[in-house]
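> Only the shape, not the letters, is given here:
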């Protein structure tokens, strides 16, 4: 059989599995579109590579993010929230499936094919019920505006996995925030239409979101909108007027840091416009909004992940812990803070499903944190948490590296060619002093064995992508 035939057969099978998943979701839940107009709207804002300490409400001394700060103050702030991976695609796969990245078929980054080199390290599973598909069974209209990064062709585009509407960028990173290209290819789309919008990507995604919100005033059913900004991912390219403002205000600031600060402050304005748009359209009081990042900030471009150690790509806390907040007027008490409750990106799926009144009967790794949001008594069963990333190049060699956590104990390595290190986060939150194995051999062995079991079981799910 030719490679083309294999690719076509694979595409047919993926479409078949997604069709079956959609039918199952209708059968399981017994709901149909427009069945319930009393459910809240849902907006999830996911930014890209925002450092844990790169908001002024998280202590950044040279950065002003008044709109995001106000949002965090208006809802519940989670200081121990984790991305499912220290890089982009795996975390997004976990958000959409409620699964660990390797269980979702995306242990690494999905990239634009380049010179037939092995750049893709994931292939989103097609036999699972995605979050937008699931929410549609409760009557939600579903939309994605912004960055996708989970596949460039059918059946792996947003509209193939449950989004009714897509307006954004199919690829991974943009080579230019104004040119909207990746390796010379245009991945800007409005559904299937290739488009040539003019402007900075952050402004475009904000404008398109405001346009979408205006259409909701004529609808009787709720919406689920996933707004995924590219910022502050590289290239660090703020509008010049925003950079000038930072340079004028922060005398002596490093120029690399100044550019990142300006890009984040420009992003903050976009988030503020979206929140104001919800209020202007009369949607704010009936909308659950989640703000989070797909991983920590990139260290070599000036990101601040303090007080944590490490950065994007690392299994240190700075690579995977992300500032997160949830607002829900009338339900969440303003300015409440959850410094100790630990959740991950994959937990958003079951939480939103529960908010929509939907059971989650399929296999899932995430756990709902809705009781925390509602301030209800909540005794969560202990669980062991896993992080995985698969990557190529000379540093990683196509071999996964991991972290695993139980309670305050965490075992990790930051690339496959170094030994695992054990830390107690309660005693050593900055992961500066690894605990020798001989001093905690029982904990070390338990974590390592749990990780081996997870790796063994996740190996059931293929991730290799065939390029056509």
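That came in fine, so what should we check first? Source: prediction; values computed, not measured.

> CA atoms for contacts and neighbours, from now on please.
Will do.

> Now stretch 59-73: buried residues?
Using 16 or more other Cα atoms under 10 Å as the test for burial, stretch 59-73 gives 60, 62, 63, 64, 65, 66, 67, 68, 69, 71, 72, 73.

> Show me what it is in contact with.
With contacts defined as Cα atoms under 8 Å, 6 or more residues apart in numbering, stretch 59-73 is touched by 53-57, 250, 261, 264-265, 268-269, 271-272, 304, 324-327, 334-336.

> Spit out the contact partners of residue 124.
Residue 124 touches 93, 104, 105, 106, 150, 151, 156, 463, counting by Cα under 8 Å, 6+ apart.

> Closest one of the residues you listed to residue 192?
Nearest to residue 192, judged by Cα to Cα, of the contacts of residue 124 is residue 156 at 12.3 Å.

> Enumerate every residue touching the closest residue to that closest one other than its chain neighbours.
In space, residue 156 comes closest to residue 150 once its chain neighbours are excluded; the distance is 6.8 Å by Cα to Cα, 6 or more residues apart in numbering. Residue 150 sits next to 89, 92, 93, 110, 123, 124, 156, 157, 170, 171 when contact means Cα under 8 Å, 6+ apart.

> again with residue 325
71, 72, 75, 76, 77, 78, 290, 291, 292.

> about what we covered before: and the contacts of stretch 59-73, which of them are in strands?
324, 325, 326, 327, 336 (DSSP state E).

> Flag the least confident of the residues you listed.
Looking at the ones in strands among the contacts of stretch 59-73 by pLDDT, the weakest one is residue 336, with 85.

> Can you tell me how far that residue is from residue 74?
8 Å (Cα to Cα, to the nearest Å).

> Could you pull out the strands in the stretch 351-468 of the chain for me?
Assigned by DSSP state E, counting those that start in this stretch, the strands in the stretch 351-468 of the chain fall at 385-389, 401-406, 409-412, 421-424.

> name the helices or strands packed onto the second one?
In this case it means strand 401-406. Judged by 3 or more Cα pairs under 8 Å, 6 or more residues apart in numbering; DSSP states H and E, strand 401-406 is in contact with strand 385-389, strand 409-412, helix 441-458.

> Dump those into CSV; add mean neighbour count as well.
Output for the helices and strands packed on strand 401-406, formatted as CSV (neighbours: other Cα atoms under 10 Å):
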stretch, mean neighbour count
strand 385-389, 24
strand 409-412, 22
helix 441-458, 16
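
> between these, which gets nearest to residue 255?
Taking these one by one with Cα to Cα, strand 385-389 is closest: 31.4 Å.

> Can you give the strand pairings for that closest one, parallel or anti for each?
Strand 385-389 has the following strand partners under DSSP bridges: strand 401-406 (antiparallel).

> What residues of stretch 220-240 count as buried?
221-239.

> Repeat that for stretch 361-378.
Buried residues in stretch 361-378, counting neighbours by 16+ other Cα under 10 Å, are found at 364, 365, 366, 367, 368, 369, 370, 373.

> Kindly report the same for stretch 394-405.
Quick answer for stretch 394-405 (16+ other Cα under 10 Å): 396, 398, 400, 401, 402, 403, 404, 405.

> okay, among those residues, which ones form the most distant pair?
The most widely separated members of these, counting by Cα to Cα, are 398 and 405 (23.4 Å).

> To what extent is the closest residue to residue 343 other than its chain neighbours buried, counted in neighbours?
Excluding the flanking residues, the one nearest residue 343 by Cα to Cα, 6+ apart is residue 81, at 5.1 Å. Look at residue 81: counted by other Cα atoms under 10 Å, it has 24 neighbours.

> for the one 4 residues further on, same thing?
Around residue 85 there are 34 other residues, counting by other Cα under 10 Å.

> just checking, residue 339 touches residue 80?
Yes. Between residue 339 and residue 80 there is a contact at 5.8 Å, judged by Cα atoms under 8 Å.
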